[in-house]
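A.B. asks: Okay, here's the prediction I keep looking at, along with the sequence it came from:
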Amino acid sequence: MQEEFLKKIIPNIFLTDSPSGFDYKVNDVIINILTELGYTYKLLNKNTILVKVEGIDNSKIVATSAHVDTLGLMVRSINNDGTLNVTNVGGPLAPTLDGEYCKIETRFDGNYTGTILSKSPSIHVFEDSKTMPRDFEHLLVRIDEEVKSKEDVLKLGINNGDYIFIDPKTVITNSGFLKSRFIDDKASVCLLLALLKEIKERNIKPKYMTYFYFVHQEEVGHGASALAKEISEFVTCDMGCVGKDLAGNEYAVSIAAKDSGGPYSYELTTKLIKLAKENNLNYVVDIFPFYGSDVGAAWRAGVDCKGALIGPGVAASHGMERTHLKAIIETMKLMYLYLTK
Ligand SMILES: [Zn+2]
């Protein structure tokens with residue numbers, strides 16, 4: 001189901017930087033794809049993209065979403081030696097950032113490259129190079145420019161509050177793995193686009209009027225807070241958890257029964273499990289121990305809808321993530337069944 005299309009759009013979307021709050025570049029990419037597929041869209045004030053797809057019965061409105069925003073860093077301050085102190089945007093797993101390449105985008109006209117390093121980055125010089133904590137207090141950015149002072153950095157146009165993009169290092173292997181940062185939740189963005197393509201090509205109408213949301217600022221907690229109040233059901237697509245005692249894995253679609261915010265809607269979750277079971281999908285049901293989703297954001301914003309969460313299993317989340325195309329396709333199939341059956 002749309003595997004070639006997925007392989008085509010994954011690099012475009014994954015390699016376009018989009019940490020929470022920095023949305024216009026990736027929105028251009030998504031809007032281009034939507035336009036090519038023949039869809040119209042609405043851009044909401046918080047830059048969420050909304051695509052409305054008419055159903056067979058338009059008296060009921062259901063919604064799905066994926067969040068486009070990812071994790072990143074921002075310049076917290078400039079050191080006297082020309083390095084940058086950082087603050088996190090969302091919750092990247094800090095120790096995994098040590099040694100990663102990055103880009104710094106100034107607010108007006110500059111783009112620079114750099115490397116995220118510990119503050120004791122050389123084994124030949126620093127006694128604590130191995131033991132220095134890898135947290136945001138002890139990580140810095142070394143800019144790839146001849147800067148020797150704070151003034152040199154300011155002259156480049158770099159200032160506090162500029163975004164630092166972490167290199168996603170996106171690769172699709174011959175064995176079908178997608179390894180990259182920010183599979184959470186760009187894999188879901190790609191599968192919803194692939195689903196829109198599938199619906200268009202097969203000339204299929206969903207059962208009900210369906211709102212597709214491509215959401216920003218989920219990683220900072222309030223992504224889908226602008227969901228339309230008339231929505232009665234909301235099935236968001238976000239990453240499935242993998243590890244420890246959980247059933248989730250990189251080949252299956254996870255259906256979440258509960259996360260940190262409590263249980264998802266019983267009837268809706270049961271409906272999804274039933275659809276997965278009856279159609280022989282590779283699925284698991286799990287609880288996600290340290291997790292919140294856009295359903296929670298919509299509920300807290302006062303949207304009176306039933307809510308459920310499905311998504312491809314993603315290993316090493318918020319670090320160097322990995323999933324398999326199989327998990328993305330299983331999630332797409334389940335969403336297709338939900339929208340059409
Ligand atoms: Zn997510």
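C.D. replies: Cool, the structure landed.
A.B. asks: what does the stretch 51-200 of the chain have sitting close to the ion?
C.D. replies: Neighbours of the ion within the stretch 51-200 of the chain, by Cβ under 5 Å from the ion: 184-185. Yep, even glycine has a C-beta here, placed from its N, CA and C like the rest.
A.B. asks: redo that, cut-off 6 Å
C.D. replies: 67, 184-185 (Cβ under 6 Å from the ion).
A.B. asks: hey, which strand is longest across the protein?
C.D. replies: strand 57-67 (DSSP state E).
A.B. asks: export it as CSV, just CAs?
C.D. replies: Backbone C-alpha positions of strand 57-67 (Å, rounded to 0.1, in the frame of the first residue of the first chain) are rendered in CSV as follows:
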residue,chain,number,x,y,z
ASP,A,57,-22.5,10.6,5.4
ASN,A,58,-21.5,14.2,6.2
SER,A,59,-23.7,14.5,9.3
LYS,A,60,-21.0,13.1,11.4
ILE,A,61,-17.4,14.4,11.5
VAL,A,62,-14.4,12.4,12.5
ALA,A,63,-10.8,13.4,12.6
THR,A,64,-7.3,12.1,12.4
SER,A,65,-3.9,13.8,12.9
ALA,A,66,-0.2,13.5,12.9
HIS,A,67,2.2,16.0,14.4
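A.B. asks: buried residues in the longest helix along the chain?
C.D. replies: Counting by DSSP state H, the longest helix found in the chain is helix 183-201. By neighbour count on 16 or more other Cβ atoms under 10 Å, the buried set for helix 183-201 is 183-199.
A.B. asks: Run the angle between it and strand 57-67 for me.
C.D. replies: Helix 183-201 and strand 57-67 are oriented at 150 degrees to each other (axes from the mean of the first three to the mean of the last three Cα atoms, to 10 degrees).
A.B. asks: In the stretch 201-341 of the chain, which residue sits nearest the ion?
C.D. replies: With Cβ to the ion as the measure, Asp238 is the residue of the stretch 201-341 of the chain nearest to the ion, at 4.3 Å.
A.B. asks: now swap in the stretch 1-150 of the chain and tell me
C.D. replies: For the stretch 1-150 of the chain, Cβ to the ion, closest residue to the ion: His67, 5.6 Å.
A.B. asks: what secondary structure does the closest residue in space to that residue that isn't next to it in sequence sit in?
C.D. replies: Excluding the flanking residues, the one nearest His67 by Cβ to Cβ, 6 or more residues apart in numbering is Glu218, at 3.4 Å. Classification of Glu218 using DSSP: H, G, I helix; E, B strand; the rest coil returns coil.
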